[in-house]
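Q: no letters, just coordinates:
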């Protein structure tokens, strides 16, 4: 899969928390999900995407992207 698809990782029991962190601190939730996931083959992609979201927050796109990714992580973690 591609970088964006691999950034949606499963984090058991933490999906809602990741979404909230991504709303408040864009990209940080995605980075945390990449660190905490058991899907180690996807963790590097999630961390890279989280850093990009954090950098792009200044132009608003990163914040929207982080919220979307947080929502997708929450759905995958259910």
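A: Sure, I can see it. Keep in mind it's a predicted model, so treat the numbers as computed, not measured.
Q: only C-alpha atoms from now on, for both contacts and neighbour counts.
A: Noted.
Q: in this protein, where is pLDDT below threshold?
A: Where the chain drops to pLDDT under 70, the residues are 1.
Q: recalculate using a threshold of 80.
A: Where the chain drops to pLDDT under 80, the residues are 1-4, 6.
Q: tell me the residue in it that is farthest from the middle.
A: residue 59 (18.0 Å; CA atoms, centre = their mean).
Q: nearest residue to the residue nearest to the spatial centre of the chain in space, please, no chain neighbours.
A: The centroid of the chain falls nearest to residue 30 when counting by CA atoms, centre = their mean (2.4 Å). Distances taken as CA to CA, 6 or more residues apart in numbering put residue 50 closest to residue 30, at 4.8 Å, once the chain neighbours are dropped.
Q: just to revisit the earlier point, so which elements touch the helix or strand hosting the residue nearest to the centre of the chain?
A: Using DSSP states H and E, the secondary-structure element containing residue 30 is helix 28-36. On a contact count with 3 or more CA pairs under 8 Å, 6 or more residues apart in numbering; DSSP states H and E, helix 28-36 meets helix 15-24, helix 40-56, helix 61-77.
Q: so what's the residue count around the closest residue to residue 45 other than its chain neighbours?
A: Nearest in space to residue 45, with sequence neighbours left out and distances taken as CA to CA, 6+ apart, is residue 7 at 5.2 Å. Residue 7: 26 surrounding residues under other CA atoms under 10 Å.
Q: try the one 4 residues further on
A: For residue 11, the neighbour count with other CA under 10 Å is 23.
Q: residues in contact with the residue nearest to residue 30?
A: For residue 50, the contacting residues are 26-31, 66, by CA atoms under 8 Å, 6 or more residues apart in numbering.
Q: list the residues that contact the nearest residue to residue 57 once chain neighbours are set aside.
A: Using CA to CA, 6+ apart and skipping the chain neighbours, the partner closest in space to residue 57 is residue 63 (5.1 Å). The neighbours of residue 63, taking CA under 8 Å, 6+ apart as the test, are 22-23, 26-27, 53-54, 56-57.
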